[in-house]
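# Any chance you could fold what I've pasted below:
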Amino acid sequence: MIDRIYSIETKQGLVIRISVKRDRRLKKSSRWQWQEKDSIQLRVPYHLRQRVIQKQIDEILSQLDKQDRVASRRTDSDLQQRAEYVNKRYFNGLINWHAIRWVSNMEIRLGSCSNGGTTDGHIRISDKIRNWPQWVVDYVIAHELVHRMHANHSKKFWKTLQDGYPLTERARGFIRGVSFAQGINFEDDE
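Next comes the predicted model:
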């Protein structure tokens, strides 16, 4: 049962609804998660006072603003530099591509890589992951870079990726968790 609904506005002007639910199972700490694109559910210990709840809502707003600041600093040139770093560190600099950029038109895909044609070697990364942890973004970059060596998700593709990028399975677990929490089945083919 929802105790109360709050509305907050981020510095970017996004209005977010926060549904507060008192939960008898929680004893000390609160938990929050996205319900939809513009809705968060905050579960709090049943006995928590209203002024503490307000402080937690303020902290959520602070965290969201911080995520937006980090994401806005990640540019295409930063993405290029990060791809160069991932290539050098994990694949001995053996992979070549022509361009890498953030795109906003991917709904369930996290990235794509063109092999052949006029856009050969063009890598696109969904801007929906800009505020994800760097090691997960690095995984998505590594995944697309390996497509320059193996076009499909063959056993060779997965072996190359897992041998090269050591956090592959951890990152895939993160992606599955976010997929479940958001009710979106992000593509990460087996």
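# tell me the secondary structure for the residue lying farthest from the centre of the chain?
Distance from the centre of the chain peaks at residue 47, with 33.1 Å (Cα atoms, centre = their mean). Of the three states, residue 47 takes coil under DSSP: H, G, I helix; E, B strand; the rest coil.
# Okay, and the beta partners of the closest residue to residue 30 other than its chain neighbours?
Excluding the flanking residues, the one nearest residue 30 by Cβ to Cβ, 6 or more residues apart in numbering is residue 44, at 4.5 Å. The way it works is simple: take the backbone N, C-alpha and C, and place the C-beta from them, glycine included. On the basis of DSSP bridges, residue 44 is bridged to residue 22.
# how far away is residue 44 from residue 4?
10 Å (Cβ to Cβ, to the nearest Å).
# Which neighbours do the two have in common?
residue 20 (Cβ atoms under 8 Å, 6 or more residues apart in numbering).
# Which one's more surrounded, those two?
Taking other Cβ atoms under 10 Å, residue 44 and residue 4 do not tie; residue 44 has more neighbours (21 against 12).
# List the contacts of the more buried one.
3, 20, 21, 22, 23, 26, 30, 52, 53, 56.
# Residue 38 too?
14, 15, 16, 17.
# one more time with 10 Å, if that's ok
7, 14, 15, 16, 17 (Cβ atoms under 10 Å, 6 or more residues apart in numbering).
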